[in-house]
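Chemist: need a 3D model of the sequence below.
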Amino acid sequence: MKIVGIAGSMNVESSTKKVMQIVLDSAKMEGAEVELIHLAEWPLPLYDARNDASTYPEIVHQFVKKVAEADALVVGSPEYHGTITGALKNSFDFLEGRFLQGKPVAIIGVAGGSMGATNTVNTLQLIFRNLHAYPLPGSPSVSNSYKAFTEDNTLQDERLQERFVNLGKELVWMTKKLK
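Modeler: All right, here's what the predicted structure looks like:
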């Protein structure tokens with residue numbers, strides 16, 4: 001079973017990437033093969049709805065192929081101005097519903113402030129339902145991300161850490177059930 005994570009932050013020291021790694025490590029402990037795509041390291045061009053998709057740069061084709069070949073996804077985004085990042089939305093525009101048809105998706109939101117990332121989680125739920133995927137119902141988010149982590153990149157809030165570990169386990173379980 002192959003699970004691909006997509007971290008929608010463009011920050012190299014991303015809190016989103018750290019949370020994604022918790023979920024992916026948990027899935028790996030359950031036997032999944034995992035890979036993280038951190039969009040800060042994937043310079044995708046702006047999607048422009050061109051008639052011939054084969055003319056996009058090779059990195060676009062690599063991205064689409066990795067998502068299409070995955071059995072499940074973990075997708076996370078920081079909350080920017082009440083929603084997902086532009087980079088993450090842009091990456092989704094390269095995908096067609098057939099690439100995500102029936103795939104379970106674990107969704108994560110990360111916020112720098114105390115209000116959480118509810119809008120980001122809700123937006124991702126909508127997007128993935130429209131792409132014919134199965135977003136998992138539990139979609140935890142991190143508040144005050146700038147102070148949420150210990151030095152070893154685990155969450156200071158042990159209960160929240162456990163929720164993300166369980167999200168990885170649930171994703172593996174759901175992926176097995178849907179196969």
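
Chemist: for the rest of this, base every contact and every neighbour count on C-alpha atoms.
Modeler: Noted.

Chemist: who does the closest residue to Val34 other than its chain neighbours bridge with?
Modeler: In space, and not counting its chain neighbours, Val34 is closest to Ile3: 4.8 Å by C-alpha to C-alpha, 6 or more residues apart in numbering. Beta bridges link Ile3 to Val34, Ala72, judged by DSSP bridges.

Chemist: what is the burial count for Ile3?
Modeler: As a burial measure, Ile3 scores 27 neighbours (other C-alpha atoms under 10 Å).

Chemist: which pLDDT value belongs to it?
Modeler: Ile3 carries a pLDDT value of 98.

Chemist: for Val105, what are its contacts?
Modeler: In this structure, Val105 makes contact with Ala72, Leu73, Val74, Val75, Phe128, Ala133, Tyr134, Pro135, Leu136, Leu171, judged by C-alpha atoms under 8 Å, 6 or more residues apart in numbering.

Chemist: give the contact list for the residue nearest to Val34.
Modeler: Neighbours of Ile3 in contact, by C-alpha under 8 Å, 6+ apart: Leu24, Ala27, Ala32, Glu33, Val34, Glu35, Ala70, Asp71, Ala72, Leu73, Val74.
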